[in-house]
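Q: Sequence isn't available, so here's the structure alone:
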């Protein structure tokens, strides 16, 4: 995106300029893609554009005169945008409408990111009373209000979940959110940082200004202090030649039964390129077959980035012996409270010496069970706002809270008849989609 209405499209191999002759010459200043066929962008004239998988077109909105610099869409019916003079616009699935914040904010909203329909952050900054003032604004379901201030203008914020995120700004400003407070982190660069993207609690990137640009990479170090690395150091010499940044080799998948354009292709590709799923030896993924509880444990445990060391002789379930195929992942899930299993003593499940429960790793997993396990593993706060959203999942149903939570994060949508079918078995393709959208909602792979 850029000035004069420029839009560029990535097809998995190369970037190409999008034909935007119908959009005029409005500068594109903020963009958010929900899926490969659903995206929104803000413009310098305050308009909102929507992408439907084929083309960009103007979205229904109030008439604005100020630039919209930031936009975040959580699901097809929840979105926010921010821009000049403290303008906020709310999306309800049909139109964008200007909303006044709870506090009087007159500075530009440079960055905005939603965690859920009732949790979001925005950053701003200006020269105020002779000094630089950066503000962190929070949305908690009713209105935007000032949460805290800092001594530098802030330009972007990206939240992994309600308990983790980063904000960046002028002179290398880096702030980390731990669920309670924002804390300044030591920066290896004094360049103004303009954009940040968080992939996990141990993997984040930030980019900024400089004679050759500044790129920061965050990773969890081996010691007690996380490390921030300047991967492309800017130079002050006007004659210096910037060090070229090598282009990453595009990640391709070669499953014979998961072709580009197929229903679950982007989600399976995401998990494959991140090393979370591998498929079968005959080069198939089998997206249509039911996922087993053992496979589910591996997929979710790896997505949650759990690397706990489990004693070689530990056994928490009667039917999951130490060293068996999914033992390690099931133990990690149990350790983090994401699974409990079934009490022993039922038909075909006699109690052993320790009365251990059964996990049934070879059994299929229902759509409702998967929602519960994914929500617990991702540490998502329960969110039933607007529920019930499905005719067959009424308030008080077994998996109601977990299904509603994932709906409100945009990870599930259900079927066209208005039902979710929580008792149906989930396929490997469906599981990949739910896990990908929950843990990696903005999955960016080379």
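A: The structure has been received and is ready for your questions. Predicted, not measured: the structure shown is a model, and the values here were computed from it.

Q: secondary structure element for residue 30?
A: strand 28-35 (DSSP states H and E).

Q: quick check: mean pLDDT across the helix or strand just after that strand?
A: Sequence order places strand 38-43 as the next helix or strand after strand 28-35, per DSSP H and E. Strand 38-43 shows a mean pLDDT of 84.

Q: one step back: mind giving me the packing neighbours of the strand holding residue 30?
A: strand 38-43, strand 68-75, strand 78-83 (3 or more CB pairs under 8 Å, 6 or more residues apart in numbering; DSSP states H and E). For the C-beta atoms, the positions are set from N, CA and C on the backbone; glycine is no exception.

Q: Please work out which of those strands is packed deepest.
A: Mean neighbours per residue, mean count of other CB atoms under 10 Å, is largest over the helices and strands packed on strand 28-35 for strand 78-83, with a mean of 26.

Q: what's the weakest-modelled helix or strand in this protein?
A: Least confident element among the helices and strands of the chain, by mean pLDDT, DSSP states H and E: strand 227-230 (a mean of 52).

Q: Can you give the contact residues for the helix or strand just after it?
A: Next helix or strand after strand 227-230 toward the C-terminus (DSSP H and E): helix 265-273. Helix 265-273 is contacted by residues 35-36, 251, 253, 255, 258-259, 277-279, 285, 287, 299, 303, 429, 432-433, 435-437, 440, 443, 445-446 when judged by CB atoms under 8 Å, 6 or more residues apart in numbering.

Q: in a strand, that's where residue 198 is, yeah?
A: Yes - assessed with DSSP: H, G, I helix; E, B strand; the rest coil, residue 198 lies in a strand.

Q: I'd say it and residue 156 touch.
A: No - counting by CB atoms under 8 Å, residue 198 stays clear of residue 156, with 10.7 Å between them.

Q: ok so, going back, which stretch among the helices and strands packed on strand 28-35 approaches residue 320 most closely?
A: strand 68-75 (35.7 Å; CB to CB).

Q: helices or strands next to that closest one in the packing?
A: Strand 68-75 sits against strand 28-35, strand 38-43, strand 78-83, strand 109-116, helix 400-409, with contacts defined as 3+ CB pairs under 8 Å, 6+ apart.

Q: can you list the ones you listed in TSV and add distance to residue 68?
A: Formatted as TSV, the helices and strands packed on strand 68-75 follow (distance: least, CB to CB, whole Å):
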stretch	distance to residue 68
strand 28-35	6
strand 38-43	3
strand 78-83	4
strand 109-116	9
helix 400-409	23
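
Q: ok, back up a step: could you pull out the buried residues of the strand holding residue 30?
A: For strand 28-35, the buried set under the neighbour-count rule, 16 or more other CB atoms under 10 Å, comprises 28-30, 32, 34.

Q: Provide the contact partners of that strand at residue level.
A: 1-3, 5-7, 39-44, 49, 51, 67-73, 75-76, 79, 81, 83, 266, 410, 442.

Q: can you rerun that using 6 Å?
A: 1, 39-42, 44, 67-73 (CB atoms under 6 Å, 6 or more residues apart in numbering).

Q: same thing with stretch 150-164?
A: If you take CB under 6 Å, 6+ apart as the criterion, stretch 150-164 is touched by 110-111, 113, 115, 119, 121, 123, 125, 132, 134, 165-171, 173, 179, 194-198, 201, 381.

Q: now, among the contacts of strand 28-35, which is nearest to residue 368?
A: Nearest member of the contacts of strand 28-35 to residue 368, counting by CB to CB, is residue 73, at 26.4 Å.

Q: Could I get the contacting residues of that closest one?
A: Contacts of residue 73 by CB under 6 Å, 6+ apart are 32, 34, 40, 79.

Q: quick one: the helices in the stretch 251-400 of the chain?
A: Using DSSP state H, counting those that start in this stretch, the helices of the stretch 251-400 of the chain run over 265-273, 293-303, 327-335, 367-378, 400-409.

Q: could you dump these to CSV with mean neighbour count and distance to residue 348?
A: Output for these, formatted as CSV (neighbours: other CB atoms under 10 Å; distance: least, CB to CB, whole Å):
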stretch, mean neighbour count, distance to residue 348
helix 265-273, 22, 33
helix 293-303, 23, 16
helix 327-335, 22, 19
helix 367-378, 23, 20
helix 400-409, 24, 28
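
Q: same question for stretch 296-313, mean pLDDT?
A: pLDDT averaged over stretch 296-313 gives 90.

Q: Then stretch 375-382?
A: Rounded mean pLDDT across stretch 375-382 is 90.

Q: Show me what the closest residue to residue 109 other than its chain neighbours is bridged to.
A: Closest residue to residue 109 apart from its sequence neighbours, by CB to CB, 6 or more residues apart in numbering: residue 82 at 2.8 Å. Here residue 82 sits in beta bridges with residue 70, residue 88, going by DSSP bridges.
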